[in-house]
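Asker: Provided below are the primary sequence and the corresponding predicted coordinates.
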Amino acid sequence: MDDEIEVDPRPLSSRRSFTLRNSAARQVAVNFMPSRQIPYNTLRLRRNNTENNALLTDVAEAADEADNADVQANIIVREMEQHHQLMEDTPDAEELRREALRELPQGLTMKRNVRAKLSASVSLRSKRKPISLWKRFKYRMSFGWKRTKDRMRDLVFSIELWYEAIRNIEGHFGSAVGSYFYLVRWLFTMNLLLSGMVILFVVVPQVLHDKPDKTVNFGFWDFISGQGWLEDSLLFYAHYHDGAVVTAGLSYYMPFAYFFTMVCLYLTCFAVLCYRTAYSYRRNFIETGGGVTLIFANKVFCGWDFGIVSHKAAEFTSTSIYNEFKELLSEQNRNKVSMPVCVRICQYMTNIVATGLVLALVVAVNWGLWHMLEAETAWAGWELAVSALLTLVVTLCPLVFYGVVKLEYYTRRTAVYVTLARTWLLDMGALMLLLVYWSRSNTDCWETRFGQEAYRLVLLDAVVSLLVLPAIEFIRALIYKLNPDSSAPEFNIAYNSLTLIYNQGVLWFGLLFSPLLVVAVTIKFFILFYVKRECALRACQPARKVWRAAQTQTVLYVLVTLSLFATLFGLGSLFFRSSSKVCGPFRGYETVYSVLSEGALRLSEHPAAATILAFFGRPGPLAFILLFLCVSVYYMRARALAHSSMVVILRHMLVLQAKDKDFLLNAIAKVSNGEWSYSPKAAEGPDSHTWKYIRDVRKPSNSGFHFDASRLSHSFGDRPRSRVKEYRPYSHLTERSKSNDGDTDSSFSWQGSSSRLAQTEDDKRWP
Amino acid sequence: MGQGKSQFTEEELQDYEDLTYFTKKEVLYAHQKFKALAPEKVGHNKNAKLPMAKVLTYPELKVNPFKDRICKVFSSSNDGDCTFEDFLDMMSVFSEMAPKAVKAEHAFRIFDFDGDDMIGVSDLREVIQRLCGPELKLSDSEIQQLVQNVLEEADLDDDGALSFAEFEHIIDKSSDFCHAFRIRL
């Protein structure tokens, strides 16, 4: 408490040191506040309440431990009993009770104690009437559901992949690097499920259909380029059958299988990704938003990563926190000197020019790619060379972008986002361009060609990210070991995550044209995990700057979702164009879409349905739907704006109320400590309000913490002196009351209202 | 995880599952970890009370700047010594499943060094000093400035200390807290 006195020479500090937190009376009064009396609150957070209740009922005669615990448990149970929802005798209420018990900030023994008392109380309360059959069924269902859920969690825990590995990495590098590995694991799991589905519904039937008499002449070159014997294999679109597969009397129509499997997988993935992204966005951006920036508080209270295990990482974290504190302070001191306008304009200009240059680079890359694709050469390896070049560009450009962003004026976090967005634009642009190029080309079976392109990209990227990049990291680590003054290799989360997103993007684009690509990507992610783990543990050093992962992770999810959206957009528009006539499962149909319209729904036989669908496909209705969406977005936005302005108002009110509370509490503290010297006017009889008050409150027994809630209803008007000076409008009240009853202490004005009230009554009686 | 099974009955496990954020398997796993701290003692009595020094050899706690506070907050005897149940409680609060509010509650108690139910200036100074580690020392005026900034941001009612509600407000607004305040089993 001693250090508290000289805080900072700002006006409020005088009041800060004025606080009477130590005062027991104040503490007691706080506990009588309505907000502290709400059962939910007290249940969860007011452990203190129980202590203070004990304080009220005399701490001096504190009973022994066991008794005390019992009393506490009783108090908690009483508070919980006020919650009717909790006390019902149904499975739902039981679940609620379980949750409430878990949230209780007490030890297990106490929880157990509370639970025993609670269930006794519940069974006492429940009316023992026979349960109807339906209810019994419902209860049994909900118990069963709960048990399955628990069992599932148990199972998930025991089969959780790479649990110890990721934990180990987190212990050495903090949770940010851990989150990269979680992303790998998540993508791997998703792709594994996708592979299962694709193999089950598309590949296996095709295998059953294939004649096994083919002679395969394996060539390494073909393996890399996806041509030759691979071209007409299960790997690519062209190989798939366009009719029914008949095995042992069962018929399986391949076009439907192919179409619906793919559509379902794409849409399911999109839904899952959307949900996950929205969830993450809500948790990390919306709930934490609201216009407040708590930079310092965040650094202090959320600075330490509790998952850290190794001494080295702990040292690094300490150092980085120390540096961050220093940086923040110096930044704050610098900010006081406001930047000249022209400097700021220059900075904006730099940013704009750099962004323009990067966009130009992206366009140039795409332009070059297009021309390279168009250049017809006799050389067989040309296509492979194009893919290799593209892989090289995709690998190197992010590094260029990192360099560019360093020249610009962004905050650290924004810089990362900007780089991520630029790289994503480059990747998606190139992939989209490939799709457009091949779909417009006049090749016989362009789907397979695009599938080959995607396959090559995945393969070449595997070479880069599984061999080349780790090799570079290890070389850097070696250099660092030989020459410790050079910069230590750190695990670059943003760059590594971007490779993942790029890979996933290629997969989204290629999946339709090369079903087995998903298996390749899955295997790649599996190997990648181990490679990256070794890289991180053996070659990398913990980061010098603390990287906050939560929001960045959301951005990564957004990018994965956006790439899938772009894919869906591209593929969706292709569905309405004509498909290849000579290869693939849809060669019997005019367009891919007609698999659905003609094949499955047979729209031509139902002209009414066809007309309705055609109507919704026309520009007019589509424009209407779009307009409707725009209007609803606008409405949502307007609502959000209104909400946020309401938040500002409420926050302001909160501050004011808190100040009121502070002020009132000070008054209470003063009253109960008997700090006033008050001499009543001789004219006032012993029956006046003031006297009554003084008799009741200022009794010696009341001077400590012995305080009665009912007294809180009295109106206090005492204000600290500093406040009286601040709030002029009130000062006349003080003066008036002074003149009324001759109070000698100017701060003692609480009785002003009551005595004036008494006086007006007197006036009425004796006009 | 097989060898721990013999020490617990099914009811006990169910009990733990009900009262913590863990499943049965995780409880057993936690016990294994607890046992590793003092194999003989715990092998003898599954709920043995280990002295604080022993508990602090747990890898995550060993390097934590608030390790003694963590033990004290979770210790049922309030002296830092932990039984298995205390340990389980600790791990449950630090686990991924525990909601933000529960974590915030315990974080508040950990950071409240003097136990006055407010994070005051002295508490904040202590937190900052511990965060910077034993070797690096911020100057007194720098700490003062930091404390001042924290209070300016978060102390809504201007009483020179953070109450629990104010602390919870900070935590609510922080996207990183749940990531940071987590120890995997």
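Answerer: Sure thing, it's come through.
Asker: Residue 151: neighbour count?
Answerer: The chain I'm using is chain A. Neighbour count for A:Arg151, taken as other Cβ atoms under 10 Å in any protein chain shown: 13. Any C-beta I mention is one placed from the backbone N, CA and C, and that applies to glycine too.
Asker: that answer is for a different chain, and I need it for chain B
Answerer: 26.
Asker: Helix, strand, or coil at the closest residue to it other than its chain neighbours?
Answerer: Counting by Cβ to Cβ, 6 or more residues apart in numbering or on different chains, B:Gly160 is the residue found nearest to B:Leu151 once chain neighbours are left out, at 6.7 Å. Counting by DSSP: H, G, I helix; E, B strand; the rest coil, the backbone at B:Gly160 sits in coil.
Asker: quick one: B:Gly160 and B:Gly120 touch, right?
Answerer: Yes. Between B:Gly160 and B:Gly120 there is a contact at 7.0 Å, judged by Cβ atoms under 8 Å.
Asker: give me the low-pLDDT residue ranges for the chain?
Answerer: Defaulting to chain A. A:1-67, A:126-131, A:212-218, A:288-293, A:335-338, A:376, A:378, A:546-549, A:675-767 (pLDDT under 70).
Asker: actually it's chain B I care about, not the one you picked
Answerer: Where chain B drops to pLDDT under 70, the residues are B:1-6.
Asker: what residues are up against the most centrally placed residue in it?
Answerer: Central residue of chain B (Cα atoms, centre = their mean): B:Ile70, 4.1 Å from the mean position. Residues near B:Ile70 by Cβ atoms under 8 Å, 6 or more residues apart in numbering or on different chains: B:Leu61, B:Asn64, B:Met90, B:Ile110.
Asker: Now, the residues you listed that are in helices?
Answerer: Counted as lying in helices by DSSP state H, out of these, are B:Leu61, B:Met90, B:Ile110.
Asker: Could I get the contacting residues of the second one?
Answerer: I take that to be B:Met90. Each residue near B:Met90 by Cβ under 8 Å, 6+ apart is listed here: B:Ile70, B:Phe74, B:Cys82.
Asker: Relative to chain A, how far out is the residue lying farthest from the centre of chain B?
Answerer: Largest separation from the mean C-alpha position in chain B: B:Ser141, at 29.4 Å (Cα atoms, centre = their mean). Look at B:Ser141 and chain A: by Cβ to the nearest Cβ, to the nearest Å, they are 10 Å apart.
Asker: Could you tell me which residues of the stretch 101-250 of chain A lie near chain B?
Answerer: A:101-103, A:105, A:107-109, A:111-112, A:115, A:150, A:153-154, A:157-158, A:167, A:170-171, A:175-176, A:179 (Cβ under 8 Å from any Cβ of the partner chain).
Asker: which helices and strands sit right next to the longest helix along chain A?
Answerer: The longest helix of chain A (DSSP H) is helix A:619-673. Applying 3 or more Cβ pairs under 8 Å, 6 or more residues apart in numbering or on different chains; DSSP states H and E, one finds that helix A:619-673 contacts helix A:24-32.
Asker: Run through who's touching the helix or strand containing B:His169.
Answerer: In this assignment (DSSP states H and E), B:His169 forms part of helix B:164-172. For helix B:164-172, contacts defined as Cβ under 8 Å, 6+ apart pick out A:45, A:287-288, A:294, A:297-298, A:301-302, B:100-101, B:103-105, B:107-108, B:111, B:117, B:119, B:154-157, B:162, B:177.
Asker: Which members of those occur in helices, if any?
Answerer: Short answer: those in helices (DSSP H) are A:297-298, A:301, B:100-101, B:103-105, B:107-108, B:111, B:154, B:177.
Asker: follow-up on the earlier one: could you single out the nearest of the ones in helices among the contacts of B:Ile70 to chain A?
Answerer: Closest approach between the ones in helices among the contacts of B:Ile70 and chain A, by Cβ to the nearest Cβ: B:Leu61, at 9.0 Å.
Asker: Excluding chain neighbours, give the residue nearest to the closest one in space.
Answerer: B:Lys67 (4.7 Å).
Asker: okay, now that neighbour: neighbour count?
Answerer: 19.
Asker: so it makes contact with B:Leu56?
Answerer: Yes. Contact criterion Cβ under 8 Å: B:Lys67 and B:Leu56 qualify, at 5.3 Å.
Asker: Can you tell me how far the residue in the stretch 301-450 of chain A that chain B sits nearest to is from A:Ala165?
Answerer: Chain B sits closest to A:Ser318 of the stretch 301-450 of chain A, with a gap of 3.1 Å, by Cβ to the nearest Cβ. Applying Cβ to Cβ, to the nearest Å, the value for A:Ser318 to A:Ala165 is 26 Å.
Asker: And these two? Which one has more around it.
Answerer: A:Ser318 (21 against 15).
Asker: ok, and the closest non-adjacent residue to the closest residue to chain B within the stretch 651-767 of chain A?
Answerer: Per Cβ to the nearest Cβ, A:Ala658 is where the stretch 651-767 of chain A lies closest to chain B, at 3.0 Å. Counting by Cβ to Cβ, 6+ apart, B:Asp157 is the residue found nearest to A:Ala658 once chain neighbours are left out, at 3.0 Å.
Asker: which residues touch the residue of the stretch 501-650 of chain A found nearest chain B?
Answerer: Nearest residue of the stretch 501-650 of chain A to chain B: A:Ala550, at 4.0 Å (Cβ to the nearest Cβ). Counting by Cβ under 8 Å, 6+ apart, A:Ala550 touches A:Arg283, A:Asn284, B:Ser175, B:Asp176, B:Cys178, B:His179.
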